[in-house]
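**Q** structure of the sequence below:
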Amino acid sequence: MKTIKVHFLGAAGSVTGSKFLLETPEMNILVDCGLFQGLKELRVLNWEKFGFPPTDIDMVLLTHGHLDHSGYLPRLVAHGFKGTITGTSPTLAIAGIIMRDSAKIQEEDAERANKEEFTIHEPAEPLYTVEDVERTMEMLRPADVDQWYELSKNIRYRFRKNGHILGATFIELDIFGKILVFSGDIGRKEDLLLEPPQTPEWADYLFLESTYGDRLHPDEDADSILANTIMETLQKKGTLIIPSFAVERLQTLMYRIWRLYEHNKIPPLPVFIDSPMGNEVFGVFEQFPGWHRIPPTELRAMQQFFNIITSYKDTWKTVDDNRPKAVIAGSGMVTGGRVLTYLRYYLDKPETTVLLAGYQAEGTRGRLLLEGANEIKIFGKYCEVKANIMILNSLSAHADQKGLLDWMSGIKNIPEKVFLIHGENMARDVLRLKIKDVFNYPVHLPWLGETYEIPLGDG
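**A** Prediction:
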């Protein structure tokens, strides 16, 4: 009997490292190819042998460009993958930016670790290099949304818009008549920048993200929180530091702060944008106006309002700037990037406020700050935490539990199986029970490294 073997190579019991290998009778397809982040026990998996021969994979389909969905691609290529990598045009543009940034950070971190001797490896090496990324870029092939593409006699796929970030989609795969739906990361119906997600009508097998499967987003006024936090920063003559994801979140924060200023809700305050990757993503917004809601005139006005930092030299100038100010810098979960430089020098000051603006995965510095850590390790040294730590949950680009249930409610058939992926164990177990109560669908919680066989019948 013919089968599809589904290999769960990432995002099974965690929210990072999305990789799902479909071994079919006609070809092998990898859906997403992300890096593991957060806990050390997850990060070390990036260095292990890939769970399926890269040389035997025919193509990669990307739901979107985030690091935990695309960031492992250069490593896959370095180990022999020679197929094609397909996503929407904005997804491929963003993935390219993120991969280059990731490689550069890894090279810099390895160099710093060797120079300052805070590594247990001799010598420390990057997971992959900028050169590996450039080889990967040659394999990218864009595809349109809402169009079926034939891959072989019995396999076809299409992308459908999914909110979340620019270019993001869910993927429908028709494999020998079975419809497999990979949700990717599902966006929210009410989004300042993006259209509501499309929804699937049919799914024999549904692979559903569960990041916020155990909770609802708070009913908070993000603009009021931002305005009040900025006013308090001015009163304390302090510094507001907002660690931000470079894609979508940074642009959302910029748009909200700019509108607050335009509507006289906040006074003039120097706001520094220190995210080279975020600046490049801003260019993708300009390149693909049909994918978002910000008019071109407002995009240009926003760029004039903010102090855009383009060099590390200017980062240090901003660190030394004693005026009350706000700094938005990568990365969103404080795992790396320019924000670490600011936190290293400002985290021990009571007049500093750190405003976390999204999901903080287990094992990240952002999660430690959120949970009240007294100190965190940056560049091999412990930094005392005296700053005020806040969280702004309502800016999440992920659907919450209600949003996930609404998204799947349009499916007309009863799925043979729903796989809950891309969520921590508590979140997906709560969502499993909720799906059982609401839909009575059969739900499976795959474990990392599991292989699940889907029968296709005889022939």
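**Q** in what helix or strand does Val418 lie?
**A** strand 417-421 (DSSP states H and E).
**Q** give me the residues contacting the helix or strand that comes right after that strand.
**A** Remark: after strand 417-421, the chain's next helix or strand is helix 425-438, criterion DSSP H and E. Residues from elsewhere that reach helix 425-438, judged by C-beta atoms under 8 Å, 6 or more residues apart in numbering: 13, 208, 210-215, 401, 404-405, 408, 418, 420-421, 423, 441, 443, 445. All C-beta atoms are positioned from the backbone trio N, CA, C, and that covers glycine.
**Q** keep only those of those that are in strands.
**A** In strands, judged by DSSP state E, the following of the contacts of helix 425-438 are found: 208, 418, 420-421, 443.
**Q** list the contacts of Ser244.
**A** Applying C-beta under 8 Å, 6+ apart, the residues contacting Ser244 are 250, 253, 275, 278, 328-332, 339, 357-358.
**Q** try 6 Å
**A** 250, 253, 328, 332, 357 (C-beta atoms under 6 Å, 6 or more residues apart in numbering).
**Q** keep only those of these that are in helices.
**A** 250, 253 (DSSP state H).
**Q** redo the contacts of Ser244 as TSV? Include distance to Thr451 and pLDDT.
**A** Converted to TSV, these look like this (distance: C-beta to C-beta, whole Å; pLDDT from 0 to 100):
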residue	distance to Thr451	pLDDT
Leu250	38	92
Leu253	41	95
Ile328	42	96
Gly332	32	88
Ala357	37	90
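**Q** quick check, nearest of the contacts of Ser244 to Phe170?
**A** Phe170 has its nearest neighbour among those in Gly332, at 22.2 Å by C-beta to C-beta.
**Q** and the closest one, its phi and psi?
**A** Backbone torsions of Gly332, given as degrees, to the nearest 10, read phi -60, psi -30.
**Q** I'd say it and Phe245 touch.
**A** Yes: taking C-beta atoms under 6 Å as the definition, Gly332 is a contact partner of Phe245 at 3.5 Å.
**Q** any idea of the mean pLDDT for the longest helix along the chain?
**A** The residue-count maximum for a helix in the chain (DSSP H) belongs to helix 89-116. In this model, helix 89-116 carries a mean pLDDT of 88.
**Q** now do the buried residues in the helix or strand following it.
**A** Tracing the chain C-terminally past helix 89-116 and defining elements by DSSP H and E, one meets helix 130-137 next. Within helix 130-137, the residues scored as buried using 16 or more other C-beta atoms under 10 Å are 130, 132-133, 136-137.
**Q** can you name the residues in contact with helix 130-137?
**A** Residues contacting helix 130-137 (C-beta under 6 Å, 6+ apart): 73-74, 77-78, 96, 99-100, 103.
**Q** who wins for most neighbours among the residues you listed?
**A** Leu73 (31 neighbours; other C-beta atoms under 10 Å).
**Q** and that one, backbone torsions?
**A** According to degrees, to the nearest 10, Leu73 has phi -50, psi -50.
**Q** tell me who's in contact with it.
**A** Taking C-beta under 6 Å, 6+ apart, we find Leu73 in contact with 33, 136.
**Q** any low-confidence regions in this structure?
**A** 116-122, 458-459 (pLDDT under 70).
**Q** how near is the residue nearest in space to the middle of it to Val385?
**A** In the chain, the C-alpha nearest the mean C-alpha coordinate belongs to His66, at 3.9 Å (C-alpha atoms, centre = their mean). Separation of His66 from Val385 (C-beta to C-beta, to the nearest Å): 27 Å.
**Q** then Ser224?
**A** 26 Å.
**Q** in contact with Gly167, which residues?
**A** Counting by C-beta under 6 Å, 6+ apart, the residues that Gly167 touches are 88, 90-91.
**Q** what do you get for Ala357?
**A** Taking C-beta under 6 Å, 6+ apart as the test, what Ala357 contacts is 242, 244, 249, 392, 395.
**Q** out of those residues, flag the one nearest to Ala113.
**A** Closest to Ala113, out of all of the contacts of Ala357 and judged by C-beta to C-beta, is Ser244, at 25.0 Å.
**Q** what sits closest to that closest one if chain neighbours are left out?
**A** Leu250 (4.7 Å; C-beta to C-beta, 6 or more residues apart in numbering).
**Q** does that neighbour touch Gly278 like I think?
**A** Yes: using C-beta under 6 Å, Leu250 makes contact with Gly278 at a distance of 4.1 Å.
**Q** more neighbours: these two, which one.
**A** When neighbours are counted by other C-beta under 10 Å, Leu250 and Gly278 differ, and Gly278 comes out ahead with 27 against 24.
**Q** name the element the more buried one belongs to?
**A** Counting by DSSP H and E, Gly278 is found in helix 276-287.
**Q** helices or strands up against that helix?
**A** helix 89-116 (3 or more C-beta pairs under 6 Å, 6 or more residues apart in numbering; DSSP states H and E).
**Q** the inter-axis angle of the helix it packs on versus helix 130-137?
**A** 170 degrees (axes from the mean of the first three to the mean of the last three C-alpha atoms, to 10 degrees).
**Q** would you mark the buried spots in helix 89-116?
**A** Buried residues in helix 89-116, counted by 16+ other C-beta under 10 Å: 89-107, 109-110, 113.
**Q** repeat that for stretch 360-375.
**A** 360-361, 363-370.
**Q** tell me how far the ends of it are from each other?
**A** Distance between the boundary residues of stretch 360-375 (C-alpha to C-alpha, to the nearest Å) amounts to 17 Å.
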